[in-house]
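In: 3D model of this:
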Amino acid sequence: MKITVIVDRIEDGVAMLQFPDGMTAPWPAEKLPQGTREGDCLNVSLERSSGIKKSRREQIKKLRRDASHK
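Out: Next up, the predicted model:
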């Protein structure tokens, strides 16, 4: 899925991204494409990643095991 967000503002190293439904979300300004300014539109792509999901599940299992042994 691709969506377009608008860089609403950038303050103190944080960009506020506005989504098509009007919601906003913070994003580290340093992670924006070089030269991005307030008012710019950015294309965002969202897709599932099963490899990361599996890795993350393993991390959570380990954290739970470690916590239960304390």
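In: how about the nearest residue to the residue nearest in space to the middle of the chain, chain neighbours excluded?
Out: Compute the mean C-alpha point of the chain, and by Cα atoms, centre = their mean the closest residue is residue 27, 6.7 Å away. Among residues not flanking residue 27 along the chain, residue 15 sits closest, at 4.9 Å (Cβ to Cβ, 6 or more residues apart in numbering). All C-beta atoms are positioned from the backbone trio N, CA, C, and that covers glycine.
In: give me the beta-bridge partners of the one you found?
Out: residue 10, residue 27 (DSSP bridges).
In: all helices in the protein, in order from the N-terminus.
Out: All helices of the chain, identified by DSSP state H, fall at 50-68.
In: low-confidence stretches in it?
Out: 53, 70 (pLDDT under 70).
In: ok, now with 80
Out: For the chain, applying pLDDT under 80 flags the ranges 48-56, 69-70.
In: and the residue nearest to the centre of the chain, what does it touch?
Out: Contact partners of residue 27, counting by Cβ atoms under 8 Å, 6 or more residues apart in numbering, are 14-17.
In: check residue 30 too.
Out: So residue 30 contacts residue 13 (Cβ under 8 Å, 6+ apart).
In: look up how far residue 57 lies from it.
Out: 29 Å (Cβ to Cβ, to the nearest Å).
In: and stretch 14-23, which residues are buried?
Out: Residues of stretch 14-23 classed as buried: 15-18 (neighbour count, 16 or more other Cβ atoms under 10 Å).
In: cool, and stretch 54-70?
Out: Buried, per 16+ other Cβ under 10 Å, within stretch 54-70: nothing.
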